[in-house]
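# Take this sequence and fold it.
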Amino acid sequence: MSMIQIIHDSNGAPAFVVLPYADWLASRDRQENLVPNEVVNLTFDHDWSPMRAWRERLGLTQAEVAARANMTQGACAQMENSAKPRRASLKKIAKAMGLTVEQLDL
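Sure, this is the predicted structure:
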């Protein structure tokens with residue numbers, strides 16, 4: 001059983017929560033792979049790949065993502081339009097956009 005401690009401010013309102021480090025890590029790990037509703041909507045409303053939906057949401061161009069991933073803009077465009085990019089390619093793009101592979105692989 002995990003123990004937490006709630007620290008209140010001077011008005012008595014909850015201000016901080018102290019919890020075991022392992023619980024915090026587990027919570028953080030679950031949150032890292034979340035996909036915002038906006039990305040899901042872009043994917044389905046526009047029939048875009050998750051890669052393009054994330055790129056658009058982050059305000060990046062294909063050229064910017066390609067430069068960060070050390071690939072050509074054409075290769076980035078091809079991956080963005082691919083039904084199932086290779087896992088190694090997804091890793092490069094995820095890292096370039098500051099995401100996890102799981103966030104790109106809806």
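
# By mean pLDDT, flag the weakest helix or strand of this protein.
helix 21-32 (a mean of 72; mean pLDDT, DSSP states H and E).

# Can you give me the buried ones in the next helix or strand along the chain from that helix?
The helix or strand immediately downstream of helix 21-32 is helix 37-45, counting by DSSP states H and E. The neighbour-count check on helix 37-45 (16 or more other C-beta atoms under 10 Å) flags 39, 42-43 as buried. The way it works is simple: take the backbone N, C-alpha and C, and place the C-beta from them, glycine included.

# go on, stretch 11-19?
Buried, per 16+ other C-beta under 10 Å, within stretch 11-19: nothing.

# So what's the gap between it and the chain middle?
29 Å (C-alpha atoms, centre = their mean, to the nearest Å).

# Compute the first-to-last residue distance for it.
22 Å (C-alpha to C-alpha, to the nearest Å).

# Now do the strands in the protein.
For the chain, the strands defined by DSSP state E cover 5-8, 14-18.

# Please dump the ones you listed into JSON lines; it should also carry mean pLDDT and distance to Thr100 for every row.
Listed next are the strands of the chain as JSON lines, based on pLDDT from 0 to 100; distance: least, C-beta to C-beta, whole Å:
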{"stretch": "strand 5-8", "mean pLDDT": "91", "distance to Thr100": "31"}
{"stretch": "strand 14-18", "mean pLDDT": "91", "distance to Thr100": "25"}
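
# Can I get those in CSV including distance to Thr61?
Formatted as CSV, those follow (distance: least, C-beta to C-beta, whole Å):
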stretch, distance to Thr61
strand 5-8, 44
strand 14-18, 40
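
# Of the ones you listed, which is nearest Glu64?
Between Glu64 and the strands of the chain, the tightest spacing by C-beta to C-beta is seen for strand 14-18, at 37.5 Å.
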